[in-house]
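Undergrad: this is a predicted model, with the sequence first.
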Amino acid sequence: MSRTFTDKSDIPAPPEEVRIPLQAIRGRGAATAMAHRFARDVREAADDGWGQLPGGNDADDDAPAAPAATRVHLETARSAICANDSPDIFFELSVNPYRGCEHGCIYCYARPTHSYLNFSPGLDFETQIVAKHNIAEVLRSELCAPRYVPRLINIGSATDCYQPVERELKLTRSLIEVMRDARHPFSLITKSSGVERDLDLLAPLAAQRLAAVYVTITTLDATLARRMEPRAAAPHRRLRTIRALAEAGVPVGVSVAPQIPFITEDMEQVLEAARDAGARSAFYTVLRLPWELDALFREWLTVHYPQRAARVMARVQDLHHLSDAERRAGKTYNSDFATRMKGTGLWADLVRQRFATTCRRLGLNRERVELDLGQFRPGLLQGQSSLF
């Protein structure tokens, strides 16, 4: 059937474009597979008029959405140790067995690195996990290199080395075994109770001043933690992990990072609970939003805290002491080494004072954990070095 239009007034107006509102995905931090900065095409969901909007007339509208599945990609690593020359980071070398992290922490500064793999820093970062299956063999080879000079190595500085896939692949455990065999000191940082599995390795190494562990607890608010770090251990479970490590004799510290204006508001309570569980040191950073993380965090605020989103972002700009021109341009992050971790200005000073005062009151950071680089014996690895 055809229809002829006789004049412009008879032509029906095009329907208004309706954006599908963002919704939280159960068990995931990001709400979308946001395009990365190298992508040529950007796609946005919109209602096509067939009742697909939430609350529409589609017959399957009330059916639960299928959860985003996790896929693990095995990668053959060419190198293991990554050097760090940033003056605001306490370790010089790091090893990361995984790219991407199923914990799904919305604030994770490593999200934009997934763009180099042609993956979204959004959902892909949480669902497309890259595991360096030969990482232990590569590390062994690098430690045996004649020019290698031992320096403090941190395991899991970018993505969590005890994320769920570690239960099956045990790449982090294999790294610890290499460090043990070489008598090389190391620290690791995690927000997973999975680290308790390796206490049989960590406790003896800690007794020889070769290992230390840091556990991240951003908040004690379980509801907030579930929204912000959906697949990480619950806050009370992380406190139990700190207690287990401390009772085993492992030097354990707590990271209360990142501090987010008007979102994480219980830093003092976190520090006290961690101290009571056995933590003896603490550190913090403030929220950093490099590259795509800016848009991702704004998206998360829209989903979970729309009423305070503008207030949060304005204070983040204050935190990084941006000029009026930078604010008008939408910039929210200053990458300068001198200020990026702690921020600058009035709000940053307030956080700094709160942290320092609480640590003094609780007796945290009174003694520095000194790991012993002098025990390194690369000769113990000779005959074991093999890349493949």
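TA: That came through fine.
Undergrad: check which residues of stretch 85-105 are buried.
TA: 91-105 (16 or more other Cβ atoms under 10 Å). Yep, even glycine has a C-beta here, placed from its N, CA and C like the rest.
Undergrad: quote the end-to-end distance of it.
TA: 25 Å (Cα to Cα, to the nearest Å).
Undergrad: where does this protein dip in pLDDT?
TA: 1-21, 36-67, 86-91, 321-324, 326-331, 333-338, 340, 383-388 (pLDDT under 70).
Undergrad: swap the cut-off to 80 and go again
TA: Scanning the chain for pLDDT under 80 picks out 1-22, 34-68, 84-91, 320-341, 382-388.
Undergrad: run through the helices of the protein in chain order.
TA: 123-127, 135-143, 166-169, 171-182, 199-207, 222-228, 235-247, 267-277, 293-304, 309-319, 324-328, 346-362 (DSSP state H).
Undergrad: CA atoms only: put the first one into CSV for me.
TA: If I follow you right, that is helix 123-127. As requested, the backbone C-alpha atoms of helix 123-127 are provided in CSV (Å, rounded to 0.1, in the frame of the first residue of the first chain):
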residue,chain,number,x,y,z
LEU,A,123,32.3,-3.2,30.3
ASP,A,124,35.2,-4.8,28.4
PHE,A,125,37.6,-3.9,31.1
GLU,A,126,35.5,-6.0,33.5
THR,A,127,34.6,-8.8,31.1
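Undergrad: if we can go back for a sec, will you turn the helices of the chain into JSON lines that also has mean neighbour count and distance to T285?
TA: JSON lines is the format used below for the helices of the chain (neighbours: other Cβ atoms under 10 Å; distance: least, Cβ to Cβ, whole Å):
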{"stretch": "helix 123-127", "mean neighbour count": "25", "distance to T285": "19"}
{"stretch": "helix 135-143", "mean neighbour count": "22", "distance to T285": "26"}
{"stretch": "helix 166-169", "mean neighbour count": "16", "distance to T285": "24"}
{"stretch": "helix 171-182", "mean neighbour count": "21", "distance to T285": "22"}
{"stretch": "helix 199-207", "mean neighbour count": "17", "distance to T285": "24"}
{"stretch": "helix 222-228", "mean neighbour count": "16", "distance to T285": "15"}
{"stretch": "helix 235-247", "mean neighbour count": "19", "distance to T285": "17"}
{"stretch": "helix 267-277", "mean neighbour count": "20", "distance to T285": "12"}
{"stretch": "helix 293-304", "mean neighbour count": "20", "distance to T285": "14"}
{"stretch": "helix 309-319", "mean neighbour count": "18", "distance to T285": "11"}
{"stretch": "helix 324-328", "mean neighbour count": "11", "distance to T285": "21"}
{"stretch": "helix 346-362", "mean neighbour count": "15", "distance to T285": "10"}
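Undergrad: make a markdown table from those and add distance to T216 to it.
TA: Listed next are the helices of the chain as a markdown table, based on distance: least, Cβ to Cβ, whole Å:
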| stretch | distance to T216 |
| --- | --- |
| helix 123-127 | 17 |
| helix 135-143 | 22 |
| helix 166-169 | 16 |
| helix 171-182 | 16 |
| helix 199-207 | 17 |
| helix 222-228 | 11 |
| helix 235-247 | 8 |
| helix 267-277 | 10 |
| helix 293-304 | 17 |
| helix 309-319 | 19 |
| helix 324-328 | 29 |
| helix 346-362 | 15 |
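Undergrad: the spatially most central residue of the chain and P306, how far apart?
TA: In the chain, the C-alpha nearest the mean C-alpha coordinate belongs to C108, at 3.5 Å (Cα atoms, centre = their mean). The spacing between C108 and P306, counted by Cβ to Cβ, to the nearest Å, is 22 Å.
Undergrad: follow-up on the earlier one: in strands only, show me the buried residues of stretch 85-105.
TA: L93, S94, V95, Y98, R99 (DSSP state E).
Undergrad: nice, that's everything, thank you.
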